[in-house]
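# Sharing a sequence plus its predicted fold:
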Amino acid sequence: MLRWLASNAHHYDIAHIHALFSPLSSTAATVARWRGLPYLLRPLGTLDPADLRKKYRLKQLYAAVLERPNLAGAAAIHFTSPQEAVISERFNTQTPDLVLPLGVTPLTHTGTETIQVRDQYGIPAEVPIVLFMSRVDPKKGLDLLLPALETLQKQGLPFHFLLCGANPQDRDYEQSIAQRIADSPLQAQTTVTGYVAGDLKTAILEAASLFVLPSYYENFGIAVAEAMLAGVPVVISDQVYIWPDIQQSQSGWVCQCTEASVTETLREALATATEQRQRGDHAIAFAKANYSWPAIARQAIAAYEQLLA
């Protein structure tokens, strides 16, 4: 691929390179610079201080050799939220920022048979469904969410928790979460599905009353945008960096990364179905206007033209 890029760079106006600290993308940026091809770099959260702490010494060396020159030579650094731009490490470079959200595609049914999620998982019609649909990873805040749900359960709030996700890179953690639920009273009103996709994913999103993601850090949160586009109000932490969008558009609720805050925010979100529907309507309207691919494409083309000018 690098040989191809070196030979064909002159056919293109601009390159958009995704991820840092990846040998292929790092060397692609180097080749683009050598060939005079303007390029953008999208970090994918790799410049977040929390992420940089992983393999810190190796990344500092890697940055000194490859990523600092790549960042300095880029036409812009593509961040997906203003907060990601604010907190990201730049290694003392002065490259301009481009803040451009990610695009999401509306989920559609591909089969002819309608999946009845409540019937499939034995969830009564009047019980709200609280949905976690993301990678099962320590950074996602499950250590805050599960105790919060246990507290609400003890206080008699009705809900059913759907945990949809997996972690092929850390099966031990995934299994520890499933075991924690199995060993707690929460098991009685929880369904752990594992990874879901296709029509089942669509049906679950359509059935959900709330989508919850109390992550410790999230440069964008594509799963949040997908839920919004499905009309599901969201409960996210203020470390999911699109939280100002959620707050300003009233597309859901924003909590802090503490057990108490998650508990109280979920209590408020579960209080009335009317408020859930209203915020769900706000969510889908905002997502269509700001996170849909047509909207993102228009913004991206304008940004490319401005950078090339």
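That came through, no problem.
# on contacts alone, who are the packing partners of the lowest-mean-pLDDT helix or strand in the chain?
Every helix and strand of the chain was ranked by mean pLDDT, DSSP states H and E. The lowest is helix 49-52, at a mean of 88. Using 3 or more CB pairs under 8 Å, 6 or more residues apart in numbering; DSSP states H and E as the contact test, no helix or strand touches helix 49-52. (Glycine included, C-beta is placed from N, CA and C.)
# Give the next helix or strand downstream of that helix.
Per DSSP states H and E, the first helix or strand lying C-terminal to helix 49-52 is helix 56-62.
# if we can go back for a sec, can you give the contact residues for the least confident helix or strand of the chain?
Applying CB atoms under 8 Å, 6 or more residues apart in numbering, the external contacts of helix 49-52 come out as 45, 46, 59, 87, 89, 139, 216, 217.
# Quick one: residues contacting the last one.
Contacts were defined as CB under 8 Å, 6+ apart; by that measure residue 217 touches 45, 48, 50, 51, 139, 239, 241.
# quick one, what contacts residue 235?
210-214, 252-255, 262, 265-266, 269 are the contacts of residue 235 under CB under 8 Å, 6+ apart.
# show me where pLDDT drops low in the protein?
The model of the chain has pLDDT under 70 over residues 112-114.
# in the stretch 151-300 of the chain, which spans are helices?
In the stretch 151-300 of the chain, the helices defined using DSSP state H, counting those that start in this stretch lie at 171-182, 198-207, 222-229, 243-249, 259-269, 273-290, 293-308.
# Strands along the stretch 51-200 of the chain, start to end?
Per DSSP state E, counting those that start in this stretch, the stretch 51-200 of the chain carries strands over the ranges 76-79, 97-99, 129-133, 160-164, 190-192.
# Now distance to residue 17 too, for the ones you listed, in a markdown table please.
Formatted as a markdown table, those follow (distance: least, CB to CB, whole Å):
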| stretch | distance to residue 17 |
| --- | --- |
| strand 76-79 | 9 |
| strand 97-99 | 13 |
| strand 129-133 | 29 |
| strand 160-164 | 31 |
| strand 190-192 | 37 |
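# any chance of those strands in TSV, plus mean neighbour count and distance to residue 175?
TSV is the format used below for the strands of the stretch 51-200 of the chain (neighbours: other CB atoms under 10 Å; distance: least, CB to CB, whole Å):
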stretch	mean neighbour count	distance to residue 175
strand 76-79	23	34
strand 97-99	18	38
strand 129-133	24	16
strand 160-164	21	13
strand 190-192	19	10
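# Go through the ones you listed and name the closest to residue 12.
Smallest distance to residue 12 across the strands of the stretch 51-200 of the chain (CB to CB): 16.2 Å, for strand 76-79.
# which neighbours does the closest one have in its sheet, and in what orientation?
Sheet pairing here is set by DSSP bridges, and for strand 76-79 it gives strand 39-42 (parallel), strand 97-99 (parallel).
# Send me the first one as CSV with only the CA atoms.
Coordinates of each C-alpha in strand 39-42 appear next as CSV, following Å, rounded to 0.1, in the frame of the first residue of the first chain:
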residue,chain,number,x,y,z
TYR,A,39,-3.3,15.3,4.5
LEU,A,40,-5.4,15.4,7.6
LEU,A,41,-4.8,13.2,10.7
ARG,A,42,-7.7,11.9,12.8
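# which residues are in contact with it?
Against strand 39-42 from outside (CB under 8 Å, 6+ apart): 14-20, 29, 32-33, 70-71, 73-80, 98, 307.
# And for stretch 4-15?
28, 31-32, 34-40, 75, 304, 307-308.
# out of those residues, who's nearest residue 184?
The nearest member of these to residue 184, counting by CB to CB, is residue 40 at 45.9 Å.
# what are the bridge partners for that closest one, then?
Under the criterion used (DSSP bridges), residue 40 bridges to residue 16, residue 76.
# ok, now how distant is it from residue 84?
Separation of residue 40 from residue 84 (CB to CB, to the nearest Å) stands at 14 Å.
# Spatially central residue for the chain, please.
Nearest residue to the geometric centre of the chain (CA atoms, centre = their mean): residue 221, 1.6 Å.
# doesn't residue 213 make contact with it?
Yes: counting by CB atoms under 8 Å, residue 221 touches residue 213, with 6.4 Å between them.
# What is the distance between stretch 249-266 and the centre of its chain?
Taking CA atoms, centre = their mean, to the nearest Å, the mean C-alpha location of stretch 249-266 is offset from the chain mean by 16 Å.
# mind listing what's buried in that stretch?
In terms of neighbour count (16 or more other CB atoms under 10 Å), stretch 249-266 has its buried residues at 249, 251-255, 257, 259, 261-266.
# before we move on, what about stretch 102-120?
Under the neighbour-count criterion of 16+ other CB under 10 Å, stretch 102-120 has 102, 103, 104, 107, 115, 117 buried.
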